[in-house]
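Undergrad: coordinates for the following, if possible.
(one chain, ligands or ions: 1)
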Amino acid sequence: MTGYALPIKRLIRELGRLPGIGEKTAARLANHILRLSEEDAVRMAESIVDVKRKIRLCRVCFNLAESERCEICLDHSRDRQMICVVEEPDSLIAIEDSGSFRGTYHVLHGVLAPLDGIGPEHLRLKSFWRPTPACRGNPRPC
Ligand SMILES: [Zn+2]
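TA: Just a heads-up that it's a prediction; the model follows:
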């Protein structure tokens with residue numbers, strides 16, 4: 001990064017922390033941002049801060065949400081007997097875009113990967129196993 005002014009180096013370093021973005025791509029993006037109007041650059045920066053401040057996990061399904069429950073959990077027309085378990089919110093979006101599923105979701109925010117040290121305790125599994133009346137007294141989740 002020799003030759004770049006310090007603020008540009010910092011921007012390249014930050015952009016390079018994004019997944020799939022190497023130093024060359026980060027430099028290209030930084031140069032694009034440099035050419036933006038100040039208004040556009042501020043809007044972009046504010047959208048990043050906005051996401052960090054306003055987005056949380058739905059307390060029911062762990063989808064990304066702006067309030068305690070996501071839009072899907074608030075939708076009373078959804079079939080709550082069908083729960084689609086997905087790895088990440090991106091998977092949920094892809095299924096929603098297909099328009100073929102009218103149930104609800106449970107987002108794990110990862111997958112089991114014992115070789116990488118990712119066990120059940122690292123996923124959002126506990127709240128998924130809600131005992132139904134038929135399950136009470138049964139030591140295994142059903
Ligand atoms: Zn939800």
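Undergrad: tell me the contacts of the residue nearest the centre of the chain?
TA: Nearest residue to the geometric centre of the chain (CA atoms, centre = their mean): residue 89, 4.8 Å. By CB atoms under 8 Å, 6 or more residues apart in numbering, the residues touching residue 89 are 63, 64, 107, 109. Yep, even glycine has a C-beta here, placed from its N, CA and C like the rest.
Undergrad: downstream of the longest strand belonging to the chain, the next helix or strand is which one?
TA: Ordering each strand of the chain by length in residues (DSSP state E) puts strand 79-86 first. Next helix or strand after strand 79-86 toward the C-terminus (DSSP states H and E): helix 89-98.
Undergrad: quick one: buried residues of that next one?
TA: Buried residues in helix 89-98, counted by 16 or more other CB atoms under 10 Å: 89, 92.
Undergrad: so what strands line up beside the helix or strand just after that helix?
TA: Using DSSP H and E, the helix or strand that directly follows helix 89-98 along the chain is strand 103-107. Using DSSP bridges, strand 103-107 pairs in its sheet with strand 79-86 (parallel).
Undergrad: rewinding a little: C-alpha coordinates for the longest strand of the chain, PDB please?
TA: Below are the C-alpha coordinates for strand 79-86, written out as PDB (Å, rounded to 0.1, in the frame of the first residue of the first chain):
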ATOM      1  CA  ASP A  79     -48.200 -21.600   8.700                       C
ATOM      2  CA  ARG A  80     -46.500 -22.000  12.100                       C
ATOM      3  CA  GLN A  81     -46.700 -25.800  11.900                       C
ATOM      4  CA  MET A  82     -44.000 -25.800   9.200                       C
ATOM      5  CA  ILE A  83     -40.500 -24.600  10.400                       C
ATOM      6  CA  CYS A  84     -37.700 -24.500   7.900                       C
ATOM      7  CA  VAL A  85     -34.300 -24.600   9.600                       C
ATOM      8  CA  VAL A  86     -31.700 -22.700   7.700                       C
END
